[in-house]
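In: Give the three-dimensional model of this entry:
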Amino acid sequence: MEAERPKKKLKAVRSKHSPFDYELINLRLERRWDGLENVQKTKAKLCDSGKFLELANVEKLLDGVFSDASPGVTFTVPEPLAGDLHSALDVLRRLSDSSGEDVMDWVSLEANLLLGKLLFILGRRDEALSHLKGFGVHDIFPESGWPIHAVRLMAECCALRGWELQQLISSKESAAQNAAEILRDQQQTVEVAMLYFQELASLTSPPASTSKPVNADNIGVSVWIEAAVHHTPLVYLLLGDTAGAVQILRSILRAKENQYSRSLRLNANRQLALLLLRAPHDYVSPGKNLTATQYTTNPESSRGDFMVPDHRTEELVLVIAIAERLVRQEALQSRFPGDRDAYDKWHEQVTAVYDLAVLVLGAFAKPRLAEILEESMRFSFDDEHVWMQFGLALIGAGKHRRALVVLKQCLQQYPDNVCAALMVCKLCINHLPDAEEAISFASKLVEQHPELASARLALGLSHALRARTCTTDSTRQEALQTSIDVLKEAHELDPLHPECALYYALQLATQHRIKEAMPLVLAILEINPVHHDALWLLVLLQTSLKSYNEAMVICDQALYEYPSDMPFAFLKVNIEAAFSGVASALATAQSVLPRDEEVKEVCEASYLHMWLALTNLFLQNDQYTDAVASFKKIPDGHSLNPQVLYFRGRLLAHESKPEQAKASYLGALASNPKHIACLLALGTLHLQLENASMAEQYISQALAVDPSNHCAWQQLGWVLQQQGEHERAAECFVNALQVESLAPISPFSDLPLNL
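Out: Residues are numbered from 1 along each chain as shown. Now for the predicted structure:
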């Protein structure tokens, strides 16, 4: 917040008000314009009362146009009022003359404010901005003792000026030149508006001399003022001042709460929570730049000490707690008898607040979130939204089977819920996996919404998952072709959907249709040059064409964007091993290993992959001692991992311990029956043990899992040749050569299917 501004002084015209004056003030405040006729018949006892009556008549005229307009929309002046409005200009110009340069009376102040408002209504925006600037609106701030209708006039003028200045943001050049003025105006708009709401809330009974009490419920809140405050943080964001947006939202929340500012505070809570969630690295504690504003220095506005959060998580929880209390208060105070619109508005607010609570708790306390939502199901079991949130919370907590049950129940109650259907498919594809159930739900979704690309994407990925899990080549090819056809339809429905194009290209590549897949991947990267999976697939496509140089360049670009991505780093190492030799690849691998102080920042899966890949390179280079040392770096908690068991078997086989190696391989197959490397290792082991029939059996199982594995074809050829079946062996060697010519450095199936 900027430093306190100098204020223009207002001359006190009188210290006491007559009953006539109070009646006039109340009429203007409550906008009871029909009562002006009776007041006009009363003889004014003080000299300025006639001027205030003139101002009231002008305000009545303006209110007929202003109250019917929507914020941001050009004013429409009815034809019969056009002449009266232009006549009002002369009246206001006469009354706006100040008695001095630095001192003005109430009549002059209100006349200047009304004149600016009238110029905006007449569409003379440049003249209105110039008038308010020359009048010095920025140098005036309402103080205690101001009539509330004058505070409202001030707030409305600030709001109008703010809406007009926002139009400058559409031009980058204008926004840069006028940024300081725009932001200063937005800050003043918020400050005056919050003071107006506080003064309005404190208006419970008039002074003893007032002839008629003021009914605050009839005053209402100007939609222009509310809308201006709502849009202020957005203006800061459009001008690139995220820190300023956070500060203005915090200042709104520090103001004293009342019934008129409750919706503004609720909106500020939601906006602040979203900003804190989206910009975690730029977080600055509010305690570091806590500055008082005009409305927080008022003793009635802030009592006690501020609660100042020290870190982002604390402030997020505090903001969400305040928002939850506000919507709960609204629920208790408003029963919405017969008012469906009010109920729908409240329900929308509650939904938004609890969605934010899910985001916050989902980021920091997933298990606790699932428990909270499970408790809420007792009271809202018929609420579709709560079912969805409960299912999502269970997914976040890793309880995938239970999440599937909850989301299926949600679909049973609400069969038109597209999000629930997609989440069921996502669970079946990404986490469980269950291809048949995914196909069932995705097929129903496509029938209900044939125009939805995401539905066809889910169905295509379901068939792709089925192709990966089939045990026979014929069913695999059928599922693969079906997935290609469905993904092609999804891509045609939405050519800009990156996942539709990515998985369509992936399935084409699986069928060795490299030239068809390549343009699809390049199109994705043209839109998003750092799309992780598209970069990975492009590397595999380049290696299948044996363009190792191009693949290395792409890997370097990917690692520049994702420097801590260990799988990508070792994909580059594997390419270097094929292109430059194992020794060179080893040197590169050791250079990308994290230092001891960086190990904690590497995720567990990447850490495991890193040491297994390094062990593999040492074994390829016949550095057995180094391979053992690398293997021992793997944490004990992964001892039953199929990959770990496979490499343990390789090390045991190198030590000439075939039975122990065999047991380790079989242990890996018990966890993953389709572990191709284990099946091939068992084939090699049985061949060394002169058991060719068992070797053939294991290698054939590997080919059943992946017929495009050239190593398996080559090994089967050796086994058949040893058995004297030279013709079949020759066919296997030919198949190995054909498959190897289009084989990528790593199987295309290494790219996960993620909906």
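
In: only C-alpha atoms for contact and neighbour calcs from this point on.
Out: Fine.

In: Can you tell me what sits against stretch 366-386?
Out: With contacts defined as Cα atoms under 8 Å, 6 or more residues apart in numbering, stretch 366-386 is touched by 351, 358, 361-362, 387, 389-390, 393-394, 396-397, 410, 414.

In: Mind listing what's buried along stretch 653-664?
Out: Neighbour counts over stretch 653-664 (16 or more other Cα atoms under 10 Å) mark 653, 658, 661-662, 664 as buried.

In: To clarify, my last question referred to stretch 679-693.
Out: Buried, per 16+ other Cα under 10 Å, within stretch 679-693: 679-687, 692.

In: What of stretch 623-630?
Out: Within stretch 623-630, the residues that count as buried by 16+ other Cα under 10 Å are 624, 627-628, 630.

In: what's the model's confidence in it, averaged?
Out: The average pLDDT for stretch 623-630 rounds to 88.

In: wait, what's in contact with residue 273?
Out: Applying Cα under 8 Å, 6+ apart, the residues near residue 273 are 316, 319-320, 356.

In: Now pLDDT and neighbour count too, for those, in CSV please.
Out: Converted to CSV, the contacts of residue 273 look like this (pLDDT from 0 to 100; neighbours: other Cα atoms under 10 Å):
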residue, pLDDT, neighbour count
316, 83, 24
319, 84, 22
320, 81, 23
356, 80, 21
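
In: and which of those residues is nearest to residue 538?
Out: The closest of the contacts of residue 273 to residue 538 turns out to be residue 356 (Cα to Cα; 37.2 Å).

In: Mind listing what's buried along whichever helix or strand residue 539 is part of?
Out: Residue 539 is part of helix 532-544 when elements are defined by DSSP states H and E. Neighbour counts using 16+ other Cα under 10 Å place 534-544 of helix 532-544 among the buried residues.

In: related to what we said a few turns ago, in ChimeraX, how would I select the buried members of the contacts of stretch 366-386?
Out: Buried residues within the contacts of stretch 366-386, by 16+ other Cα under 10 Å, are selected in ChimeraX with:
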select :358,361,362,387,389,390,393,394,396,397,410
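
In: The contacts of stretch 366-386 in helices, which ones?
Out: Judged by DSSP state H, helices contain the following of the contacts of stretch 366-386: 351, 358, 361-362, 387, 389-390, 393-394, 396, 410.

In: Need the max-distance pair from these.
Out: 361 and 410 (22.0 Å).

In: Other residues contacting stretch 735-754?
Out: For stretch 735-754, the external contacting residues (Cα under 8 Å, 6+ apart) are 426, 429-430, 461, 465, 468, 503, 506, 509-510, 512, 533, 536-537, 540-545, 571, 574-575, 708-714.

In: Show me how to select, in PyMOL, the buried members of the residues you listed.
Out: Buried members of these, defined by 16+ other Cα under 10 Å, are picked up in PyMOL with:
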select buried, resi 426+429+430+461+465+468+503+506+509+510+512+536+537+540+541+542+543+544+571+574+575+708+709+710+711+712+713+714
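
In: Out of the contacts of stretch 735-754, list just those in strands.
Out: Among these, no member falls in strands (DSSP state E).

In: Just the ones of the contacts of stretch 735-754 in helices?
Out: Among the contacts of stretch 735-754, DSSP H puts 426, 461, 465, 468, 503, 506, 509-510, 533, 536-537, 540-544, 571, 574-575, 710-714 in helices.

In: quick one: contacts for residue 327?
Out: Neighbouring residues of residue 327 by Cα under 8 Å, 6+ apart: 266, 346, 349-350.

In: Pull out the buried residues from the helix or strand hosting it.
Out: If you go by DSSP H and E, residue 327 is part of helix 312-333. If you call a residue buried by 16+ other Cα under 10 Å, then helix 312-333 has these buried ones: 312-313, 315-320, 322-324, 326-327, 330.

In: same check, this time on stretch 562-575
Out: Neighbour-count burial for stretch 562-575, counted by 16+ other Cα under 10 Å, picks out 564, 566-575.

In: same check, this time on stretch 747-755
Out: Counting neighbours by 16+ other Cα under 10 Å, one finds that the buried residues in stretch 747-755 are 748, 753, 755.

In: any idea which of the residues you listed is least confident?
Out: Among the buried residues of stretch 747-755, residue 755 has the weakest pLDDT, 88.

In: Per-residue pLDDT of the most centrally placed residue in the chain, please?
Out: Centrality entry for the chain: nearest residue to the mean C-alpha point is residue 278, 6.8 Å, by Cα atoms, centre = their mean. pLDDT for residue 278: 77.

In: Residue 631: how many residues sit nearby?
Out: Residues lying near residue 631 (other Cα atoms under 10 Å) number 21.
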